[in-house]
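Engineer: based on what follows, work out the 3D shape:
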Amino acid sequence: MNTFVPSASAIERKWYVVDATDMTLGRLASEVAKVLRGKNKPTFTPFLDTGDYVIIINADKIKVTGKKMDQKIYFRHSDYVGSARYTTLREMMRTKPVRVVEHAVRGMLPQGPLGRQMYRKLYVYQGAEHNHQAQKPELLTF
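Structural biologist: Below you'll find the model as predicted:
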């Protein structure tokens, strides 16, 4: 008996839209990462990108538990000496809520070229509007 390995042309990709209103950040990110990887399909293969496209709307309406709004810190550095910048989750949600969701999902994907390929199928929007109606996305609920 031979193991079935899907070819790149045989992989069918769907489009899903997720409403992030009142969803917990980590739980949303882990479920979206599963769909991006293709773990929800019977043809899942660890070394291939078998996942679907995901559109997340209302990224500014996510919630977190505990004291994460003030204690969770985002770090960035420009590679110049002394240029480290630290930002709290509260500040990031006020200025760039889309980046918060993207960062959470990206951390749950594989690290490397395959993970970057999967990450490119994620689209996050701050409000309820998105410009992917032509792809006829299905509503995905968790």
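Engineer: C-alpha only now, for contacts and for neighbours.
Structural biologist: OK.
Engineer: so what's Val101 up against?
Structural biologist: 25, 29, 59, 124 (CA atoms under 8 Å, 6 or more residues apart in numbering).
Engineer: in helices only, show me these.
Structural biologist: Taking DSSP state H, the ones among the contacts of Val101 that sit in helices are 25, 29.
Engineer: buried residues, stretch 120-133. List them.
Structural biologist: Applying a neighbour-count criterion of 16 or more other CA atoms under 10 Å, one finds 122-127 buried in stretch 120-133.
Engineer: now the end-to-end length of stretch 57-73.
Structural biologist: Using CA to CA, to the nearest Å, the gap from the first to the last residue of stretch 57-73 comes to 24 Å.
Engineer: picking that back up, pull the most distant pair out of the contacts of Val101.
Structural biologist: The span of these, defined through CA to CA, is set by Leu25 and Val124 at 13.1 Å.
Engineer: what segments of the chain are helices?
Structural biologist: Using DSSP H, the helices of the chain run over 25-37, 68-71, 89-95, 97-106, 113-119.
Engineer: now for those helices, which one comes closest to Asn2?
Structural biologist: Of all these, helix 25-37 sits nearest to Asn2, with 23.3 Å by CA to CA.
Engineer: mean confidence for that closest one?
Structural biologist: Mean pLDDT, helix 25-37: 98.
Engineer: ok, now stretch 45-53?
Structural biologist: Average pLDDT, stretch 45-53: 95.
Engineer: in it, what's buried?
Structural biologist: Neighbour counts over stretch 45-53 (16+ other CA under 10 Å) mark 45, 48-53 as buried.
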